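Novice: This is a predicted model, with the sequence first.
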Number of protein chains: 2
Amino acid sequence: MLLSDVDGIHTMMIAAAKAARATIMESAFHRFEPQGVSGTVILAESHLSIHTWPEKGYAAMDFYTCGDHTAPWLACSHAAEVLEAKSVLTTEIKRGIEKSDGEFSHVVAADRDALVRSA
Amino acid sequence: MLLSDVDGIHTMMIAAAKAARATIMESAFHRFEPQGVSGTVILAESHLSIHTWPEKGYAAMDFYTCGDHTAPWLACSHAAEVLEAKSVLTTEIKRGIEKSDGEFSHVVAADRDALVRSA
């Protein structure tokens, strides 16, 4: 099963980073016993991460990018397609918003269920 | 300045993981030119991440843990203390919530400003 396959998950996340037009700097992946994979890809534009629970058919992912040239939703779509996800629940968070007083904030945008696929 | 010091940031994040009572599996850090550090620490209980913008005095961090034995807020407090943060804006997200239909969801909890420190 792909959710336990550390090499497959690693390959998927590298391809997801490329789909997002991001530049890959480093990556680290770990296979747990008896199952499950965790991994991160550090980008020039922040990072992607994944944690899988094969026994539950569940994976939690972050697609964190900066810059106008990146397309994090394409990374999400790529992962959903490779994992053959039956449903995808996403929440977008805008981070590092510089305020007039020099402080920074972040805001939670609306949830998107647009990627939900039929079984 | 600590926000540009990849070794210092790496050390801080490892200590933050320990403060959270998490188990460290892997880590990957990168120093950008002319400045800025990105890094992740993969835990047995998910991951920590950091991205710094030294020129803005800003860092974005995630403290993502699983299990009742971990204390992610202690990791956050440790990082805020080491970075001598003047303000810390946090949002907690509960992830991987299993629903009765077998699907998973996540919810955004209230923001916390409890860690804001006076300059």
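Specialist: Yep, it's here. Numbering: from 1, shown residues only, chains lettered A, B, ... in the order given.

Novice: Show me what counts as buried in the longest helix belonging to chain A.
Specialist: Taking DSSP state H as the criterion, chain A has its longest helix at helix A:6-19. Buried residues in helix A:6-19, counting neighbours by 16 or more other C-beta atoms under 10 Å in any protein chain shown, are found at A:Val6, A:Ile9, A:His10, A:Met12, A:Met13, A:Ile14, A:Ala16, A:Ala17, A:Ala19. (Each C-beta comes from the backbone N, C-alpha and C, glycine too.)

Novice: measure the second one to A:Ala60 for me?
Specialist: Translated: A:Ile9. Remark: distance between A:Ile9 and A:Ala60 (C-beta to C-beta, to the nearest Å) = 12 Å.

Novice: One more: the fourth one?
Specialist: Between A:Met12 and A:Ala60 the distance, using C-beta to C-beta, works out to 14 Å.

Novice: And for the fifth one?
Specialist: Counting by C-beta to C-beta, the separation of A:Met13 from A:Ala60 is 13 Å.

Novice: shared neighbours of the two, anything?
Specialist: Counting by C-beta atoms under 8 Å, 6 or more residues apart in numbering or on different chains, the shared contacts of A:Met13 and A:Ala60 are A:Ile50.

Novice: picking up where we left off before, which neighbours do A:Ile9 and A:Ala60 have in common?
Specialist: A:Ile50.

Novice: Stretch A:61-81 - what's its average pLDDT?
Specialist: Taken as a whole, stretch A:61-81 carries a mean pLDDT of 97.

Novice: Need the residues that contact that stretch.
Specialist: A:12-13, A:15-17, A:19-22, A:43, A:45-51, A:59, A:85, A:88, A:90, A:95-96, A:115, A:117, B:49, B:51, B:62.

Novice: That stretch: how far from the chain's middle?
Specialist: Distance of stretch A:61-81 from the chain centroid (C-alpha atoms, centre = their mean, to the nearest Å) equals 6 Å.

Novice: who's sitting farthest from the centroid in chain A?
Specialist: A:Asp101 (31.7 Å; C-alpha atoms, centre = their mean).

Novice: and it, that one's in a helix?
Specialist: No: using DSSP: H, G, I helix; E, B strand; the rest coil, the assignment for A:Asp101 is coil, not a helix.
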